[in-house]
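1. 3D, please:
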Amino acid sequence: MRLRFLLLLLTLAGPASAEPQRVPVWPGKDAPDGDGSSSPATTTLTVFQPEHPNGAAMIICPGGGYGTLVTEPEGNGIARWLNAHGITGLVLEYRLPQGRPMVPLLDAQRAIRLARSNAQTWKIDPQRLGIIGFSAGGHLAATAATRFDAGISGSKDAVDRLSSRPDFAVLVYPVITMGGLSHSGSRDNLLGANPSQKLIDDFSAEKQVSDRTPPVFLAHAKDDTLVSPRNSEVFVEAMKAHHVQTEYLELPSGGHGLNGYQGPSWDAWQAACLKWLEARSMLSSAGSNAAAAGRSIAASDPQVLAGLSPLNWIRTSGAIHSPVCGASFKFAFLDTKQVILNVDTSHLNYPSPARFPILAWTVNNGAVQTHQLAAGESTVTLSESVANPVIDFYIKGLSPFEDRFHGDVPANAVSITGFTVDAKCRLTVPAAAPLWLNLGDSILSGDAAAYASKQGRPPDDQWAASDDARASYGYLLAKHYGYRESRLAFGGYAWGGGGGNNPEVAGLVDQLTSTTSRLTGEKLLPCPKVVLINLGENGAPKAETVVAALTKLRQRCNPDTRIFVMIPVSGRAREEVTAAVSSYIGTSKDPRTLVVDLGKVRFDTADGQHPTAAGHQAIYKAALPALDKLLK
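-> Coordinates of the predicted model:
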């Protein structure tokens, strides 16, 4: 009888999992406090592995008001729940801050890096690593999801060189803000007495949301009187303002802690969370049956080539490549839910992980999703659960410091080998509009457009993250007039060459790379109906350089192609560019090449030079009256 009772207990307990493994998060005896000092390295990560790991994993941050840790129900218990669904649970016992606000965040960032460094040992996918937190632990998880880096380049510690960005986050009755809605005990324990407004803002997670924040699921009871549900609401509002995927479950009752971690509200958030995780392929193995039953569409497929933005992709036998910020494609994938982008990162050789290209896309005109490529990466999931997805993809950010011209495939180009889709998928290309070619420098490229007004010049390793290719006024103008945009714009570029080691404009018109012609016969095909050039910000050109560029461009385009040379909106090189274009028009008798001078335009900049997204909107609106007269 006793033996049968023990067997029953084992059956109810579910499948056996490996014994939890508790590991130190920091090497050595001391850990950094974030202010130049250190304290004892007491932080631990307890690894709960399921019997059959599916590759997904979550860092678990227990609550406790930053004064204690509620480790069993909001830590170990959550790990066991995740294990039941194939997810590895990593319980973080972080240091309590005692007024040292960076301490918990540093612990969480280190835990994320440590998990990635142990991916093979712990049987987890480093690209499917999330974070979950409760109450004050929810604040820590939200902070980790909004304040991260791509790795500390040059660090002697290999762990520190890995990204601290979680791939998704789950926040349950979280503390979010350190402002008026904050839980006072958590705020005092984290920030100390009488924190400055800057410190309050820095640790108010809703104020740190950006378009690179990962997708987030939140759950909060509307009768929570300890941590107001407005905390979750303001975070959701910030996520929506930045077009980042988020889901919010407002629970009807349960208060803080959801009736002691039991009952209908507790069950409801877990069920909704599992559904959300399933939609993101976190409940199935990366090599799932769906993927195994799928098929590949090669980058050389004629339909793929037809959907690329013209003139800025390089074709090789096994892939397509582009070194241009803003290069794009748009495809409709029929009879499939999954669309996995297959990439080749083997040739990328950036000095810092933060300089790797940032990709962006929408599914069926939904919210913009982003992903920064990493060394060794081979797949990026574009769509997981949407039937017949239409994918509008573009390169959102590129570092301006690496070579974009030399060789068959420039060293920093984005390389795509194809797509993995469901077995019966058919690829179609939406009808193509006439072509508009933008040719310019970092301003037309959208560099620093993701920055706020007066935020300053991006550090060298943050230029890719500062970019927003589709904030560019050039893209906005092409879209406004019903054209499909193609772009040749490079940070630091000028009429005489420069940015990305590209040649002068006359040479760039012909050559996609130093070894690859851009021409079909003697022409650009498809031929642009409109070419907008905005150069001169990086130095006044010689007249002969401008004349040579416009002469070559006219030779490569049709006689009816309109070529607009826009004077830099800063006014730099106004006289030189105007005189050079006038000289070309006078000698060539080319009536469809014109100067567009907007005069003085007021626009917001990040650093006194590069427009913010709002600044691009101002330039775009200022250009409409002049272009209306020319194009309508």
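2. residue boundaries of the helices in the stretch 501-632 of the chain?
-> 505-510, 543-556, 574-588, 613-631 (DSSP state H, counting those that start in this stretch).
3. Throw those helices into a markdown table and include mean neighbour count, thanks.
-> In this view, the C-beta of every residue, glycine as well, is placed from N, C-alpha and C. Output for the helices of the stretch 501-632 of the chain, formatted as a markdown table (neighbours: other C-beta atoms under 10 Å):
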| stretch | mean neighbour count |
| --- | --- |
| helix 505-510 | 20 |
| helix 543-556 | 20 |
| helix 574-588 | 16 |
| helix 613-631 | 17 |
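4. now for the ones you listed, which one comes closest to Leu444?
-> Judged by C-beta to C-beta, the one of these that comes nearest to Leu444 is helix 613-631, at 9.5 Å.
5. neighbouring contacts of that closest one?
-> By C-beta atoms under 8 Å, 6 or more residues apart in numbering, the residues outside helix 613-631 that reach it are 446, 449-450, 453, 468, 471-473, 476-477, 480-481, 530, 562, 564, 566, 569, 594, 596, 598, 601-605, 611.
6. Give me the distance between that helix and the centre of its chain.
-> Distance of helix 613-631 from its chain centroid, counting by C-alpha atoms, centre = their mean, to the nearest Å, is 27 Å.
7. now the protein, which segments are flagged as low pLDDT?
-> Residues of the chain that meet the criterion pLDDT under 70 lie in 1-18, 285-293.
8. related to what we said a few turns ago, right, and the helices of the stretch 501-632 of the chain - which one's nearest Lys29?
-> That would be helix 613-631 among these, by C-beta to C-beta, at 46.5 Å.
9. and the gap between Leu524 and Gln21?
-> Taking C-beta to C-beta, to the nearest Å as the measure, Leu524 falls 60 Å from Gln21.
10. quick one: which of those two has more around it?
-> In terms of neighbours (other C-beta atoms under 10 Å), Leu524 is the more surrounded of Leu524 and Gln21; the figures are 24 against 13.
11. doesn't Leu439 make contact with the more buried one?
-> No. Using C-beta atoms under 8 Å, Leu524 is not in contact with Leu439, being 11.4 Å away.
12. wait, what's in contact with the closest residue in space to Val25 that isn't next to it in sequence?
-> Nearest residue to Val25, sequence neighbours excluded (C-beta to C-beta, 6 or more residues apart in numbering): Thr43, at 4.1 Å. Shown in contact with Thr43 (C-beta under 8 Å, 6+ apart): 24-26, 31, 92-95, 107, 110-111.
13. how about Thr43, phi and psi?
-> With angles defined as degrees, to the nearest 10, Thr43 sits at phi -70, psi 130.
14. next one: Tyr451
-> The phi/psi pair for Tyr451 (degrees, to the nearest 10) reads phi -80, psi 160.
15. Give me the neighbour count for it.
-> Neighbours of Tyr451 (other C-beta under 10 Å): 25.
16. Contacts only, for the closest residue to it other than its chain neighbours.
-> Residue nearest to Tyr451 in three dimensions, not counting chain neighbours: Ala606, with 3.7 Å by C-beta to C-beta, 6+ apart. Each residue near Ala606 by C-beta under 8 Å, 6+ apart is listed here: 448-449, 451-458, 466, 612.
17. same check, this time on Glu522
-> 555-556.
18. and it, what are its phi and psi?
-> As for Glu522, its main-chain torsions (degrees, to the nearest 10) stand at phi -110, psi 10.
19. Would you point out which residue is most central in this structure?
-> The residue lying closest to the centre of the chain (C-alpha atoms, centre = their mean) is Thr370, at 3.1 Å.
20. What's opposite that one in the beta bridge?
-> Beta-bridge pairing of Thr370, defined through DSSP bridges, involves Ala360.
21. Starting from Ala271, give me the distance back to it.
-> 29 Å.
22. Ok, Ile112 next?
-> Ile112 is 27 Å from Ala271, by C-beta to C-beta.
23. Equivalent analysis for Gly133, please.
-> Look at Gly133 and Ala271: by C-beta to C-beta, they are 19 Å apart.
24. Look at these two and report which has more neighbours.
-> Per other C-beta under 10 Å, whichever of Gly133 and Ala271 has more neighbours is Gly133, with 31 against 11.
25. follow-up on the earlier one: so which of the contacts of Ala606 are in helices?
-> Judged by DSSP state H, helices contain the following of those: Ser466.
26. Mind giving me the PyMOL select for the contacts of Ala606, buried ones only?
-> Only the buried members of those enter the following PyMOL selection, criterion being 16 or more other C-beta atoms under 10 Å:
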select buried, resi 448+449+451+457+458+466+612
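27. Now distance to Phe235 too, for the contacts of Ala606, in JSON lines please.
-> Converted to JSON lines, those look like this (distance: C-beta to C-beta, whole Å):
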{"residue": "Ala448", "distance to Phe235": "26"}
{"residue": "Ala449", "distance to Phe235": "24"}
{"residue": "Tyr451", "distance to Phe235": "22"}
{"residue": "Ala452", "distance to Phe235": "19"}
{"residue": "Ser453", "distance to Phe235": "23"}
{"residue": "Lys454", "distance to Phe235": "25"}
{"residue": "Gln455", "distance to Phe235": "22"}
{"residue": "Gly456", "distance to Phe235": "26"}
{"residue": "Arg457", "distance to Phe235": "29"}
{"residue": "Pro458", "distance to Phe235": "25"}
{"residue": "Ser466", "distance to Phe235": "23"}
{"residue": "Thr612", "distance to Phe235": "23"}
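28. name the element Trp81 belongs to?
-> In this assignment (DSSP states H and E), Trp81 forms part of helix 77-83.
29. list the helices and strands the helix or strand that comes right after that helix packs on?
-> Sequence-wise, the next helix or strand downstream of helix 77-83 (DSSP H and E) is strand 88-93. If contacts are counted by 3 or more C-beta pairs under 8 Å, 6 or more residues apart in numbering; DSSP states H and E, strand 88-93 sits against strand 44-48, strand 57-61, helix 77-83, helix 102-117.
30. Please state the offset of the last one from the chain centre?
-> Taking C-alpha atoms, centre = their mean, the mean C-alpha location of helix 102-117 is offset from the chain mean by 20 Å.
31. repeat for the second one
-> Here the centre of strand 57-61 is set off from its chain's centre by 21 Å, with C-alpha atoms, centre = their mean.
32. Just checking: what are the partner strands of that strand?
-> strand 88-93 (parallel), strand 129-134 (parallel).
33. The closest residue to Ser228 other than its chain neighbours and Thr143, how far apart?
-> Counting by C-beta to C-beta, 6+ apart, the nearest residue to Ser228 once its immediate chain neighbours are dropped is Leu181, at 5.3 Å. From Leu181 across to Thr143, the span is 16 Å (C-beta to C-beta).
34. Looking at the two, which is more packed in?
-> Comparing Leu181 with Thr143 by other C-beta under 10 Å, the one with more neighbours is Thr143, at 27 against 17.
35. helices or strands up against the helix or strand containing that one?
-> Taking DSSP H and E as the definition, Thr143 sits inside helix 136-146. Using 3+ C-beta pairs under 8 Å, 6+ apart as the contact test, the elements touching helix 136-146 are strand 57-61, helix 102-117, strand 129-134, strand 168-172, helix 184-191.
36. switch the cut-off to 10 Å
-> Applying 3 or more C-beta pairs under 10 Å, 6 or more residues apart in numbering; DSSP states H and E, we find helix 136-146 packed against strand 57-61, strand 88-93, helix 102-117, strand 129-134, strand 168-172, helix 184-191, strand 216-221, helix 230-241.
37. Distance from the second one to the middle of the chain?
-> Computed by C-alpha atoms, centre = their mean, the separation of strand 88-93 from the middle of its chain amounts to 26 Å.
38. now it and helix 136-146, what's the angle there?
-> Angle, strand 88-93 to helix 136-146, by axes from the mean of the first three to the mean of the last three C-alpha atoms, to 10 degrees: 110 degrees.
39. Could you check how many residues crowd around the nearest residue to Val227 once chain neighbours are set aside?
-> Closest residue in space to Val227, ignoring its immediate chain neighbours: His183 at 4.9 Å, by C-beta to C-beta, 6+ apart. His183 is flanked by 25 other residues according to other C-beta under 10 Å.
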